[in-house]
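**Q** Generate a structure from the sequence data that follows.
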Amino acid sequence: MAGTKMGGQKAAATNKAKYGKDFYARIGQMGGKLGRTGGFYANRDLARKAGQKGGRISRRGAAKI
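**A** Numbers count the residues shown, from 1 in each chain. I've put the predicted structure just below:
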């Protein structure tokens, strides 16, 4: 059942049984600690520029009234 919701739930249950109930918290914590930039919260100007770039290259067409 790979790729289904039930398959994902079974995989999550297996991971938690093998590695402990805090498995996903630990791997998330590792990813957070590896970050060095501080994200958009630390640099509001960078967030604004990224938003502008995303808006410019949006795949969605012009608004149809």
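
**Q** CA atoms for contacts and neighbours, from now on please.
**A** Will do.

**Q** Centre of the chain to the worst-scoring helix or strand of the chain on mean pLDDT, how far?
**A** Within the chain, no helix or strand scores below helix 39-42, which has a mean of 81 by mean pLDDT, DSSP states H and E. Relative to its chain's centre, helix 39-42 lies at 15 Å (Cα atoms, centre = their mean, to the nearest Å).

**Q** again with stretch 7-23
**A** In terms of Cα atoms, centre = their mean, the centre of stretch 7-23 is set 19 Å apart from its chain centre.

**Q** Using CSV, write out every CA atom in it.
**A** C-alpha atoms of stretch 7-23 as CSV (Å, rounded to 0.1, in the frame of the first residue of the first chain):
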residue,chain,number,x,y,z
GLY,A,7,0.4,2.9,4.0
GLY,A,8,1.9,6.1,5.4
GLN,A,9,0.2,5.5,8.8
LYS,A,10,1.6,2.0,8.9
ALA,A,11,5.1,3.3,8.1
ALA,A,12,4.8,5.9,10.8
ALA,A,13,3.7,3.3,13.3
THR,A,14,6.6,1.0,12.3
ASN,A,15,9.1,3.9,12.7
LYS,A,16,7.7,4.8,16.1
ALA,A,17,7.8,1.2,17.3
LYS,A,18,11.4,0.7,16.1
TYR,A,19,12.9,4.1,17.1
GLY,A,20,10.6,5.4,19.9
LYS,A,21,7.6,7.6,20.1
ASP,A,22,9.7,10.8,19.7
PHE,A,23,11.2,9.6,16.4
